[in-house]
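>>> Below is the structure, and that's it, no one-letter string:
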């Protein structure tokens with residue numbers, strides 16, 4: 001039996017299950033509702049007396065009051081900064097736009113670049129006679145994206161055959177930032193034998209710009225041509241001998257492909273999922289967002305630097321330092337192992353057995369460190385070799 005006085009006795013600003021359930025009306029499908037309710041409750045708790053401030057001496061409370069006034073002045077300046085920064089970003093986004101358009105025209109051979117006045121003419125090559133003239137910069141976006149460490153790991157050989165048809169990649173903010181915060185990536189494709197879409201899009205919906213929280217990601221449904229879906233592998237299995245069904249059994253498996261990027265992980269409508277599944281889902285969503293933000297922040301603004309490899313120079317220098325550090329650590333480990341072996345030779349048989357046990361444990365530790373504690377890559381969908 002419920003107590004009617006429980007509502008009056010619960011702490012101010014606390015959240016009941018009824019209020020939480022009301023924020024997640026099943027028909028609305030608004031996952032942002034729970035976040036907004038929790039934020040409202042947290043804001044209502046802000047400023048409530050905890051008893052600590054009142055326990056301080058009067059002169060200390062006076063100083064804290066002045067500090068609060070300084071913080072208020074800081075917050076006003078910060079709000080102006082964020083407002084001006086947003087306006088500045090919008091201003092320069094418009095200034096970047098014609099540069100991106102001109103870049104696309106050059107890449108796709110829409111306009112030709114005139115030779116410099118001091119440029120020496122190229123000698124005529126008889127082997128080039130009869131060959132079709134190369135237009136623009138072939139495989140520009142494919143080369144640029146493969147050069148990046150994160151994106152390069154996502155692109156398979158089969159992907160490359162499709163991605164060479166990319167004409168342009170653009171990024172835009174959503175039309176109504178007050179309602180839909182986030183950004184949209186558009187991949188423009190030339191006519192190709194793989195799918196019918198001229199544009200493949202990926203949209204990231206964010207809940208809060210100040211502290212971005214990914215609400216969901218939505219990708220274009222790719223209209224693959226028959227037998228051209230490189231994200232799937234069709235397996236045909238012969239029926240067993242004596243089976244009434246003489247037709248081969250067909251099984252479709254998912255495999256690694258950059259184009260899985262357009263089928264992002266989705267939060268299930270049913271909230272009843274275990275912790276392990278929730279953590280896996282969170283990791284997948286974070287990885288997906290990392291790929292999208294990398295394309296937005298690095299590839300699109302600096303595509304030619306990735307195409308030429310100039311963007312890699314700084315990263316290669318950092319990785320070289322890390323490798324040197326790893327080599328030094330390995331040398332130290334080798335020296336320690338040598339010393340341990342010398343000590344073991346002077347000890348009795350029992351000590352040698354214990355020494356071997358310690359060495360096995362150390363070897364396991366090295367394997368775990370090298371793999372980063374990750375699961376074997378075989379658990380991921382295999383790369384499609386054949387269709």
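Nice, I can see it. Keep in mind it's a predicted model, so treat the numbers as computed, not measured.
>>> buried residues in stretch 111-124?
Buried residues in stretch 111-124, defined by neighbour count with 16 or more other C-beta atoms under 10 Å: none. All C-beta spots, glycine's among them, are computed from the backbone N, C-alpha and C.
>>> I'd say residue 259 and residue 158 touch.
No - counting by C-beta atoms under 8 Å, residue 259 stays clear of residue 158, with 9.4 Å between them.
>>> list the residues that contact both of those two?
Here residue 259 and residue 158 have residue 230 as joint contacts, going by C-beta atoms under 8 Å, 6 or more residues apart in numbering.
>>> And the strands in the stretch 101-250 of the chain?
166-173, 181-189, 199-206, 214-219, 232-237, 249-254 (DSSP state E, counting those that start in this stretch).
>>> can you put those in TSV and add distance to residue 278, mean pLDDT and mean neighbour count?
Putting the strands of the stretch 101-250 of the chain into TSV (distance: least, C-beta to C-beta, whole Å; pLDDT from 0 to 100; neighbours: other C-beta atoms under 10 Å) gives the following:
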stretch	distance to residue 278	mean pLDDT	mean neighbour count
strand 166-173	30	95	18
strand 181-189	22	93	19
strand 199-206	19	94	19
strand 214-219	14	89	18
strand 232-237	27	83	13
strand 249-254	21	84	11
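>>> my read is residue 277 is in a helix, agree?
Yes - according to DSSP: H, G, I helix; E, B strand; the rest coil, residue 277 belongs to a helix.
>>> how many neighbours does it have?
Using other C-beta atoms under 10 Å, residue 277 has 10 neighbouring residues.
>>> I'd like the distance from it to residue 253, if you could.
21 Å (C-beta to C-beta, to the nearest Å).
>>> Residue 90 now?
Plainly put, residue 90 is 45 Å away from residue 253 if you go by C-beta to C-beta.
>>> Would you list the phi and psi of residue 305?
The phi/psi pair for residue 305 (degrees, to the nearest 10) reads phi -70, psi -30.
>>> For it, grab the count of nearby residues.
16.
>>> ok, now residue 267?
Here the count is done by other C-beta under 10 Å, and residue 267 has 16 residues near it.
>>> can you pull the contacts of residue 312?
By C-beta under 8 Å, 6+ apart, the contact set of residue 312 is 147, 306.
>>> quick one: it is in a strand?
No - secondary structure of residue 312 (three-state DSSP): helix, not part of a strand.
>>> Name the spans of the stretch 1-150 of the chain whose pLDDT lies under the cut-off.
The stretch 1-150 of the chain contains residues with pLDDT under 70 at 1-50, 122-130.
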